[in-house]
Each structure stands twice: as structure tokens, then as C-alpha cells.
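Asker: Pasted the sequence and its predicted model underneath.
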Amino acid sequence: MNPGGLPLRRGLISIKDLTKEQIEAVLSESAKMLNACQCGADVNYLDNKIMATLFFEPSTRTRLSFESAMQRLGGGVIGFADPSSSSSMKGESLADTVRIVSSYSDIIVLRHPMEGAASEASASSLVPVINAGDGTGEHPTQALLDLFTIKMEKGRLGKLKVAVVGDLKNGRTVHSLAYALALFGNQILFIAPKKLQVPDEVLSGLSRRYSGMVEKSESLESALDADVIYMTRMQKERFASPDEYGLFANYYSINRKFLSRANDEVILMHPLPRVGEISPEVDGMKNSVYFKQAAYGVPVRMAILNMIIGQQSGIV
Amino acid sequence: MNPGGLPLRRGLISIKDLTKEQIEAVLSESAKMLNACQCGADVNYLDNKIMATLFFEPSTRTRLSFESAMQRLGGGVIGFADPSSSSSMKGESLADTVRIVSSYSDIIVLRHPMEGAASEASASSLVPVINAGDGTGEHPTQALLDLFTIKMEKGRLGKLKVAVVGDLKNGRTVHSLAYALALFGNQILFIAPKKLQVPDEVLSGLSRRYSGMVEKSESLESALDADVIYMTRMQKERFASPDEYGLFANYYSINRKFLSRANDEVILMHPLPRVGEISPEVDGMKNSVYFKQAAYGVPVRMAILNMIIGQQSGIV
Amino acid sequence: MNPGGLPLRRGLISIKDLTKEQIEAVLSESAKMLNACQCGADVNYLDNKIMATLFFEPSTRTRLSFESAMQRLGGGVIGFADPSSSSSMKGESLADTVRIVSSYSDIIVLRHPMEGAASEASASSLVPVINAGDGTGEHPTQALLDLFTIKMEKGRLGKLKVAVVGDLKNGRTVHSLAYALALFGNQILFIAPKKLQVPDEVLSGLSRRYSGMVEKSESLESALDADVIYMTRMQKERFASPDEYGLFANYYSINRKFLSRANDEVILMHPLPRVGEISPEVDGMKNSVYFKQAAYGVPVRMAILNMIIGQQSGIV
């Protein structure tokens, strides 16, 4: 679909816009950023640059890690954090808002409840736009930090059996992750209740291109021999009613007992926040890497910001 | 009224506090800032300085451009963005709030729903105060960026026919702009529905001082030969009822057809956000400068901040 | 209770975690910071460091002075300002939120409605935590800036008669201040309506350790010969009903007439915001130091931040 790959310089709307080589370049730059931070090296690559965070939907985690990344790089931040502040733009089109804010900043990070918002924003922006989640659409920097976590914690990104668990019907960010995992030659096991299983078109799209590497299951038991277990939250807001949510809220849950039966080297991931999917009793186990995963959000976003608007990275 | 002009060092409450020479100095500094930004020159003039943005009323556009300006200059920003955060000061007088925050910062940018708030704040502040809009009162940095836009886009500021269109009764920021336009020897045409026409005292004040340069009209047709058309939004919140607002909401609207009949060199301005006053179909025309106008907000506010609290600008 | 004193490097949860020597070190560093700011000296000690302000309860004053302090030191700030933004973390435990944000930042400043929240946060944080108020619990940086104010304005910290006035039952931050005042050998006079007097266990705790130095009274008259009068606000939200609040709202109030009868050298303090406890008519009197007290919040918090995460302060 995207054989040559868009230059990252134009922003980041979908993980599918990136080639395998571009993803590898992001992961490699992320490792350098991580290392620089740990050494206390000077990384003021974005001095005097301004990032605008336009969050039409609250998302503290993503916003704070982006703002930390930008400031670690010496840049400044403007923006708003929740829908109520954006009400001040009442009556104004997203295109106008983005066009104007793009004249105040060097890069825009957009979170919006409407699928396709990032792509629309990008069309009217004077500066690159990073999609930080558009409704049930894409969230490419999350996918990249997930891949980075796997690479760092498993030592490689490929030939792994990855179990993805939870609401795989509504959680489309999971579809992007699945796409990238398949791209790197991993085996993917989709574990979900029947009603929340990954849509057929996603599954058939993946199996056509990566034959034999995709399976589905209803049972967490099938994850026992996985190299990576990626848990996700049942998102209350995506269900038709509280009752329906109640049916699935704690459908899958990982505790110490489960892990004792699992592959000893398995890593346990979660985009967080968790509700009941992972018991705090396993937080201290070597398999539990979800907090590290969250922490990797900063170096990965530093790498992305610098590759898009930095002077010193002609890499991609 | 203000023959000598207050030193800008004491803050900026009303455009009427500035002499013609001071306004010219601001515009000249703004051009330097614009140029410095475009060249990527180092403009860290306000390193270690802190600007407090106290927004008792949301105003994303003004706030973000001020915060961008301050950070482009190397300074830091503290503050709050909307009325709900300021509720934490419940029971506290504006004077106390401003007095305290002025001891945390080097300059205060205040937005407040009450007319006269900026002046009151200035009296209790230890640092200069910039009025970023006080209710139906003044908004001097908007007037200055409007003047800067005219100068940049028309090549001069004077001997122009400027049509100001919309709700000229309630929109008092327009009165400040009119005052400044008259000061620079422009001809002003006020276009509004009868019920929303510019108040007689404003009109007679201007005609007394600048005879023959002020006219009024109900019809947008009279703007066809103008050099500048300045559209404004009918502000819902200023009308007595939704019905009354409905009567005037789309009273005037500019589209491609209208522009094809207008002065070929006319520039079309708008403080934004627009609702229906300007059709997006004209966005790409050379006459449409409203997005440039918004963008000029940053260099103009950089100039103002630096002239008030910078070390290197003994100009005014 | 804490003979050796915890190293400040681990954060600041309670004033009681600090020894007298450590408190003196903080005050001495604060004086250096104040001096550096007044001289315009370069104090970029925290370049590239990030402070996270997690305010689960609005508190503009404390938040803004922390953010000013951090930026004066060259550092960056991330965070949220009010409960509504934190609702985005719905369903997530405080421990998880803090753990994650601690991987984005170098220090966390936490405000939370629940007593004990700061201590709980500290247990799950990877970086030091500063308690910026936990419900009716502690607010140690307020106590430190209060002590700093007394030292600066009275020239010493000890052998003073300090009258603490207001709601001494619910305002536990006052208990921390009382503890520190006693530690430095001051005489404390608690002035409150009977129903709002300091709890017996606090009083007996203090009198056991510092015999004869603690008294209580119902009348403001007993403060006439004090060296320091520390007024506090009756906090509406701590009363059972508006009626009960009404009974005490303006129980004590200081005006020009009262001050004319008081010790000529008395200093009048208040953590602010004030409602009716101090009449604005005394603002200009030399005794009124409450605005200075608020201003001292910045150098004191600069000192604390630098002592906890700076490179250059191995002092404590």
C-alpha cells in the first residue's frame, strides 16, 4: 500500500504510512534517545521550537509523555488539555483551528474523538501533524512504543508469538499494532470473547499477506506459550450499555497463578490504564513490563519529534 | 488625551494609551521579530523571565499566541486557561489574585469578562499587565496585530479606505481599531445593520477629530471599492436572545462572487473565529489574509513582550 | 520521631520528616535563591529537568508558585491543574498514575483531597514526591515558607510569641506549622472559637515536648502583644453546613484600629486567599507581610526543588 513510505517529515497519521525500514529507523533513534537520557547527555535538539498539543479529548498519559519528550529536547509547549477549553473555539471548524494554531507552532499533536480527524487536520496545517489518537481510529505513536518495548525486552522484533487480548473489535489501535507485528514476521494470536473478536476483514487482510501467522481464540489458556501477552482494557465508552460492559469487564485477568503456568520468558504488556486485567500482585515479577512500556513513551516520542522537526536527523 | 504617551514599560491596557509614534515603534519591532523568526535567528531575549496568563474567560487563540510568543523568546509560562481553574480563587478579589501572581512572574496577561478589569489589575500588580480583552472593553494587542497586517499586506498604513463590517454596537474592540485607523489617516466605513451600527458618540468622536473620514452604511455593496474589508463575527453571547442573534447571524457574508466584483487589490481581514461571515471558498484567493493576520499575532506579541520586559529594547 | 532526618533527596511529605538542621538548611538555601533572583543571577540549575504537577484538587496559588520556581531554575513542567483533567484517569489507582508519571519526570508535586495520598504516592514513585497538600493533612512547603517569612521579617526564628488564629481544629496545616514553631523555641498562642480550638492531642503533644510554650485563648485581644499574628481562613468546605460556616465566617477580623493597639513591631501573616479576616485597609501598613509571604513561595520552592533534584546541592 505504501511501498516507498511517506517521508516522516510530513507528520505521522497512521502506522501504515511507514515502511518497515522507517519503523526500524524510529526504533533505532528511540534507543539513542533512551541512552542519551540515561547518560544525562545534552539533547537540546529542539531549542526554540514549539509543539502544540490540541487535545479535544482528555488523555493525560499521552499528553504528558509528549510534553515531557518535547521539553527534554529543549522545546516549548502550548495547547489545551480537554474538551472544555476547546469549547472556546465553538462554531469554528477543525480545519480553521488547526490552520491557525499551525501558524503558532512547529508541530501539532492532535487527539480528537472523530475518526479521520488527524488526516483532515494534516490537510489544513502548515506544519507536520502527529495523530495522538482519533476516536476508534489510529494511534501510531502507541504502536511504535509497543514495538520498541518488545524489541528492548525480548531482544528482537520478529519470530515471536504475540497474544493480543481483550476487546479486539472496537479497539482499532490494536489493529494497527497487529499490522506492524505481522509486518515484522511475528505470529499473532487474537484472544477475545466471540462478540468482541477481531473483525473478519482485518483478519483476512493479515492472513492474505502473512499466511499462517494469524490465529484466533476465546481462551486465555492459548496464551500460555506466547512470548508476549498484550492485554487491553475493555473500554466502557465503546459499549452500548453498562450492562453489556458488565458482561465483559473482567472477562480476562492475569494473576500470579496464571503467570506461574505461562512461558517463563513471557513479557506482559498493557497500554494502561488497567482496570482489572492485570492484578497488582504481579507488578514486581520480571515478566511485567507494562510500566517500562509506559516509560519508553518518552524516548520514542523524543525520537519521533526530532525526526520530524529536528535539524540533525536527515535519517528518514 | 495622551499627548506624550505612557511608557510601554508600564504595560498595555488600551490602544488609546499609545501615541502614533509608539504604535509605529511596535510595528517596526514586530517586523524585526517576524524577520528573526523566519531566519531562525536566536531571539532568547526573555530567558528566565516568566509570563503569567490569567484567563478568567477562555480564549484559546489569544492565549496560545501569547504563550508561543513568550516561549519563542526563551521565557516560561505559568497560568490558568479557563474560568473553572480560577474558581479555586473563590472568594478572593481580583486585586489580591493579581497582586500575588505578580510576585511569581515578570508580566501578566489578563483576560477577564468585566470591562475595566485590566486597569484594576494594573493598579495592584507589581509587574506590567497586558490587557488581553476585558469583556466588551479593549483588546489592544488585537488592534496592533490588525494594524501590522494592514501595513504588511498593503505596504502602508494610511490613506486607505477601510470597511469595518458586522456588529459595531457591541464589539468595542472594533472601536479601538477604528480609533487607531483614524489616527493614521485612514477613511473608515462602518457597515452594520441599523440596530447594530456604531454608537453615535464613537462616530462623532471620530468625525470631530478626523473630519470627513468616517461614514456609515447598511450595505456591503459600499465596501466594493474599499482597500481593506474587516469582517467581524456576530457574537452570540452579546445578544439578548437566540432569536435576536438568529436575525443577524448571517447578515453579511463574503463569497467568491462578491470578491470578483470588489476592488482587485482589496485585502479581506477577520479576527477569527469566523462562523459564516467568510465562505471557505475564498480561502485560497490572494485577497484573503485572515490566516496571515492570525499568524502575525506571534511576532507582534513577541515585540510587545520584549518592549515591555526585555533588556534590549529601550526604544519606547 | 525522626532523630537523624530523612535525606531530603527522597522527597518531602511532612515537615516532621525534617530535623531542625535540615529546616535551617532549607531556609538558608531559600535566602540564597531570593538573593540570586533579585540580582538577576543565572540559576539554571535544573536545565532539562521535568517537574510534574499532579493537582487532583485545584490550587492555583501553590501550583503557580511551584511552576514559576521550576522555570526560574531552567526546568520544564508537565501536569494537570484540576480534577476534571484527572478524570481521564478514571478507574486507575493513584499508585499506577504516579508510577507512570514518575517515569516521565524528575520530581512530582502532588495535591490530593485524600489525607495520606502523598505518602502513598511516594511509595510507588520512581522519583521524589513533594506533598503540596493532602486533604486535611500536611502541606510542608507552606510551613517552610511561613518559617522563612518569619525569619526574614523578624530577623530571627525563635523566642517569638506567635498567635495562630482561626479554625485550628480542621486546619491541620496549622498543626505542622505549630510543630515547627515549637521546634525552634517559639511560644505559641492558639486563638479559636471553642468548637474550633486545636485538638487536645496536638496541644498535649506540643506541651509535653515544649513545656510552657503553648497556650490557648478564645479572644483576639490576647494577640495584642504577639510578635507574629498568623491569621487563617475559615474553610467553607470543612464545615458541616453553610449555617455552621456562617456562624464562624467572620469570627476574627483584623483592621487598622486593631493594629493601632497591637505591638508596634508585630508582623501580620496569612497563607491567603483571605476572605474577611484581614481588612484591605491595612495592606499598606509595614506590619502587613502576607503578600511578601506569598512572594517568598517562589525562592523557598526553588530551594526545595534544587535541594531535592539539583546537581549542585549536596547540602542536606
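Answerer: Nice, I can see it.

Asker: Which secondary structure elements does whichever strand or helix holds A:F148 sit against?
Answerer: Assigned by DSSP states H and E, A:F148 belongs to helix A:140-154. Contacts defined by 3 or more CB pairs under 8 Å, 6 or more residues apart in numbering or on different chains; DSSP states H and E place helix A:140-154 against helix A:20-39, helix A:60-72, strand A:129-134, helix A:172-183, strand A:228-231, strand A:267-269, helix A:290-309. Just so you know, the C-beta spots here come from the backbone N, C-alpha and C atoms, and that holds for glycine as well.

Asker: My guess is A:R233 contacts A:S253. True?
Answerer: No. Using CB atoms under 8 Å, A:R233 is not in contact with A:S253; the gap is 11.4 Å.

Asker: Give me the common contacts of those two.
Answerer: A:E277 (CB atoms under 8 Å, 6 or more residues apart in numbering or on different chains).

Asker: Quick check: next helix or strand after the helix holding A:F148?
Answerer: strand A:161-165.

Asker: Quick one: neighbours of A:V129, just the number.
Answerer: By the measure other CB atoms under 10 Å in any protein chain shown, the count of residues near A:V129 is 27.

Asker: Return the set of residues that bridge with it.
Answerer: A:G11, A:I108 (DSSP bridges).

Asker: so it touches A:A123, yeah?
Answerer: No. A:V129 is beyond contact range of A:A123, at 9.1 Å (criterion: CB under 8 Å).

Asker: middle-most residue in chain A, spatially?
Answerer: Among the residues of chain A, the one closest to the centroid is A:Q142, at 1.2 Å (CA atoms, centre = their mean).

Asker: Which per-residue confidence value corresponds to that residue?
Answerer: A:Q142 is assigned a predicted lDDT (pLDDT) of 96.

Asker: State the number of residues packed around A:L145.
Answerer: 26.

Asker: And the pLDDT for it?
Answerer: Confidence score, pLDDT, at A:L145: 97.

Asker: can you pull the contacts of it?
Answerer: A:L145 neighbours (CB under 8 Å, 6+ apart): A:30, A:293, A:296-297, A:300-301.

Asker: tell me which of those is nearest to chain C?
Answerer: Using CB to the nearest CB, A:G297 is the member of the contacts of A:L145 that lies nearest chain C, at 7.5 Å.

Asker: re the thing from before, kindly export the helix holding A:F148 (C-alpha atoms) in PDB.
Answerer: Output in PDB follows, covering the C-alpha atoms of helix A:140-154 (Å, rounded to 0.1, in the frame of the first residue of the first chain):
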ATOM      1  CA  PRO A 140       0.600   5.400  15.700                       C
ATOM      2  CA  THR A 141       3.000   6.500  18.400                       C
ATOM      3  CA  GLN A 142       1.400   4.000  20.800                       C
ATOM      4  CA  ALA A 143       2.100   1.200  18.200                       C
ATOM      5  CA  LEU A 144       5.700   2.400  17.900                       C
ATOM      6  CA  LEU A 145       6.400   2.400  21.600                       C
ATOM      7  CA  ASP A 146       4.800  -1.000  21.800                       C
ATOM      8  CA  LEU A 147       7.200  -2.300  19.100                       C
ATOM      9  CA  PHE A 148      10.100  -0.600  20.900                       C
ATOM     10  CA  THR A 149       9.200  -2.300  24.100                       C
ATOM     11  CA  ILE A 150       9.100  -5.700  22.500                       C
ATOM     12  CA  LYS A 151      12.500  -5.100  20.900                       C
ATOM     13  CA  MET A 152      14.100  -3.900  24.100                       C
ATOM     14  CA  GLU A 153      12.600  -6.500  26.300                       C
ATOM     15  CA  LYS A 154      12.800  -9.600  24.000                       C
END
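
Asker: Just the buried residues of it, please?
Answerer: Neighbour-count burial for helix A:140-154 flags A:140-154 (criterion: 16 or more other CB atoms under 10 Å in any protein chain shown).

Asker: if we can go back for a sec, in JSON lines, list the helices and strands packed on helix A:140-154 along with mean pLDDT.
Answerer: Converted to JSON lines, the helices and strands packed on helix A:140-154 look like this (pLDDT from 0 to 100):
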{"stretch": "helix A:20-39", "mean pLDDT": "95"}
{"stretch": "helix A:60-72", "mean pLDDT": "96"}
{"stretch": "strand A:129-134", "mean pLDDT": "96"}
{"stretch": "helix A:172-183", "mean pLDDT": "89"}
{"stretch": "strand A:228-231", "mean pLDDT": "98"}
{"stretch": "strand A:267-269", "mean pLDDT": "98"}
{"stretch": "helix A:290-309", "mean pLDDT": "97"}
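
Asker: need those in CSV with distance to B:H175, can you?
Answerer: Formatted as CSV, these follow (distance: least, CB to CB, whole Å):
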stretch, distance to B:H175
helix A:20-39, 52
helix A:60-72, 39
strand A:129-134, 38
helix A:172-183, 51
strand A:228-231, 60
strand A:267-269, 60
helix A:290-309, 41
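
Asker: Considering only helices and strands, which part of chain A has the lowest mean pLDDT?
Answerer: Least confident helix or strand, chain A: helix A:83-86 with a mean of 61, by mean pLDDT, DSSP states H and E.

Asker: If you count contacts, what does the next helix or strand after it end up packed against?
Answerer: The helix or strand immediately downstream of helix A:83-86 is helix A:94-102, counting by DSSP H and E. Packed against helix A:94-102 by the contact rule (3+ CB pairs under 8 Å, 6+ apart) you find strand A:50-55, strand A:107-112, helix A:117-124, helix B:60-72, helix B:290-309.
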